[in-house]
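**Student:** Sequence unavailable; structure follows:
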């Protein structure tokens, strides 16, 4: 296994997309060697611009991402894309395979596209998305674009791990208030009003600008850009805004602060993920849970008493497991 | 404190909306007595129809909820509404206060409306939403409507705790593929195509129906209803579909199964929430985290090594805390 991993990592560092795909699968499937992979790649991480793209379904996020990828490739950069894609019981897998997306761009050797299935994990989505972005960063990508599927709490968490967050809106999907309701005003470094040829686009842009006026901004006020992603109009302004935001972060020290915050959030996620997994997967826990649910059904217990019992048992279990904890 | 709580619970059971509001605040703010409150209310829970309303921002969820509330009140039922509302640094609180919403309906003594601020909690959103819904259930509401703000992973978790989930879509916010992308096809018990007067509404309904054809359905196939929530058109068909789905759940035993699954998910959330809080709030953890982040910054550690160290320390800490664990 170790030899195999050494070999895989060697090919990865030599630029093999196939090796990168294998490593990403190891990370995405959370195979036993996943943490070793990420641990060994860690020192190669930190060069890529991490860009989150979020917005409601139908806003044209995928089209925008495709156009950005083309723009980066055109200027000689290597680009990674991570798109979160819910698993569907209808199709039995991630809904939109890598092949459906991107078209010819995906074939470019400078482009690495990966769609992740969001298997309703316990808050694991943003962690695993960031880990896959790490692999692409270590692979030497100049930019890693992370595209969320919807716009909700988990998607905000994903965006929070990016250096620069682009919020994509379209005239019909709602006005300024709707964007505020979805918590998007707070996370955007750049606003894109897509489908700018449609009526209401300029009004939406004006509403966003008016909302931005409510707050005092320091040296970066999010620009509001009118774009028609489908035919590439305005993409150059987005690329420029992304470059400027990155320059701003580097110049003002914001990048280091963001990286530290992202790292802290990462470590917290890791601890949470592993702790919960350990406790909830203990056989004692499952037995207590089954018996406790029966007792609740009979009116003899409550969720709070049951969670107390599981916590007490898990503490004893964790203490017992302490001796063998270093292998995890 | 106990006297105070006894008094509050007595007034709550006598039907005081003010007492209900106080109890909900205790639960929402996770004050020390929150678990005792929920524990003592637990035996009064289980009568309300729990209905989740989800869909992209701008789909008209709030308007639909208002209309459903009016319909329930008109037939003499008591209704609770829990709307998740992101906290905004712009306004310093939940964005849309209870007063902004609902208008005259909110004044009706049979209606209890509460908007919850989603303070970017670690997966706590769906837990706390369900707990507030519990209070409204125990308060004697016939129906509790839970309205999500966006459509993402956390929102799917919220919906998963409902007995019946309504997915609201509008023609412009995307076609069938967009709905599938957002993971909505899998969770809907009832589809509402809102703003049915707009062009594309019937096509969207047909696309949803065609997608539903891809799967074998048992005795419940989600209906696709054309609605104009703004002027109440089609609301009666939604109310009927909700009644039918509840009858179906009761008749086929699905309700008991859903309740048990929701209970199991609740207990898991509780264990996770409390475990993570205990570990991440230990002073040792914070010290380890700070020192570890510095070490990572110097290149002397990695997130994985740091999470190992925190896990090992937390196991020792949890074992030590075991003796005093019954008070939590």
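**Tutor:** Arrived safely. As the structure is a computational prediction, the values presented were derived from the model and not from experiment.

**Student:** and residue A:169, backbone torsions?
**Tutor:** Note on residue A:169: backbone dihedrals following degrees, to the nearest 10 are phi -130, psi 160.

**Student:** Could you do residue A:192 as well?
**Tutor:** Dihedral angles of residue A:192 (phi, psi; degrees, to the nearest 10) stand at phi -120, psi 120.

**Student:** isn't it right up against residue A:170?
**Tutor:** No. Counting by C-beta atoms under 8 Å, residue A:192 does not reach residue A:170; the two are 9.4 Å apart. C-beta here means a position set from N, CA and C on the backbone, and glycine is covered the same way.

**Student:** Give the helix, strand or coil label for the residue of the stretch 1-150 of chain A at minimum distance from chain B.
**Tutor:** Here the residue of the stretch 1-150 of chain A nearest chain B is residue A:58; by C-beta to the nearest C-beta that distance is 3.0 Å. Residue A:58 carries the three-state label coil when classified by DSSP: H, G, I helix; E, B strand; the rest coil.

**Student:** For it, grab the count of nearby residues.
**Tutor:** A count of nearby residues for residue A:58, using other C-beta atoms under 10 Å in any protein chain shown, gives 24.

**Student:** Repeat that for the one 10 residues further on.
**Tutor:** Residue crowding around residue A:68 was assessed by other C-beta under 10 Å; the count is 23.

**Student:** ok, it - contacts?
**Tutor:** Shown here is residue A:68, whose contacts under the criterion C-beta atoms under 8 Å, 6 or more residues apart in numbering or on different chains are A:51, A:79, A:143, A:145, A:235, A:238-239, A:242.

**Student:** Among those residues, the buried ones, what's the PyMOL command?
**Tutor:** Here is the PyMOL command that selects only those of the contacts of residue A:68 that count as buried (16 or more other C-beta atoms under 10 Å in any protein chain shown):
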select buried, chain A and resi 51+79+143+145+235+238+239+242
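
**Student:** Reformat the contacts of residue A:68 into a markdown table and put pLDDT, distance to residue B:25 and secondary structure next to each item.
**Tutor:** Shown next, in a markdown table, are the contacts of residue A:68 (pLDDT from 0 to 100; distance: C-beta to C-beta, whole Å; DSSP: H, G, I helix; E, B strand; the rest coil):
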| residue | pLDDT | distance to residue B:25 | secondary structure |
| --- | --- | --- | --- |
| A:51 | 95 | 39 | strand |
| A:79 | 95 | 48 | strand |
| A:143 | 96 | 45 | strand |
| A:145 | 95 | 41 | strand |
| A:235 | 97 | 48 | helix |
| A:238 | 98 | 43 | helix |
| A:239 | 97 | 47 | helix |
| A:242 | 97 | 42 | helix |
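
**Student:** Can you list the low-confidence ranges for the stretch 101-250 of chain A?
**Tutor:** When residues are selected by pLDDT under 70, those of the stretch 101-250 of chain A lie in A:101-106, A:117-126, A:149-156, A:172-183.

**Student:** hey, where'd the strands end up in it?
**Tutor:** Here the stretch 101-250 of chain A has its strands, by DSSP state E, counting those that start in this stretch, at A:111-118, A:143-147, A:164-169, A:190-193, A:224-226.

**Student:** which outside residues touch the shortest one?
**Tutor:** Contact partners of strand A:224-226, identified using C-beta under 8 Å, 6+ apart, comprise A:190-193, A:196, A:201-202, A:205, A:208-209, A:212, A:234, A:237-238, A:241.

**Student:** ditto for the fourth one
**Tutor:** With contact meaning C-beta under 8 Å, 6+ apart, strand A:190-193 is reached by A:55, A:64, A:164-171, A:201, A:204-205, A:208, A:222-227, A:229, A:238, A:241-242, A:245.

**Student:** which of the contacts of strand A:224-226 tops the neighbour count?
**Tutor:** Neighbour counts for the contacts of strand A:224-226, by other C-beta under 10 Å, peak at residue A:192, which reaches 29 neighbours.

**Student:** Show me the beta-bridge partners of that residue.
**Tutor:** The residues listed as beta-bridge partners of residue A:192 by DSSP bridges are residue A:168, residue A:225.

**Student:** That one and residue A:283, how far apart?
**Tutor:** Counting by C-beta to C-beta, to the nearest Å, the gap from residue A:192 to residue A:283 is 50 Å.

**Student:** and what of residue A:147?
**Tutor:** When distances are taken as C-beta to C-beta, residue A:147 and residue A:283 turn out to be 39 Å apart.

**Student:** Residue A:58 too?
**Tutor:** When residue A:58 is compared with residue A:283 (using C-beta to C-beta), they lie 45 Å apart.

**Student:** try residue A:232
**Tutor:** Here the criterion is C-beta to C-beta. By it, residue A:232 lies 57 Å from residue A:283.

**Student:** The two: which has the busier surroundings?
**Tutor:** Using other C-beta under 10 Å, the more surrounded residue of residue A:232 and residue A:283 is residue A:232, with 14 against 8.
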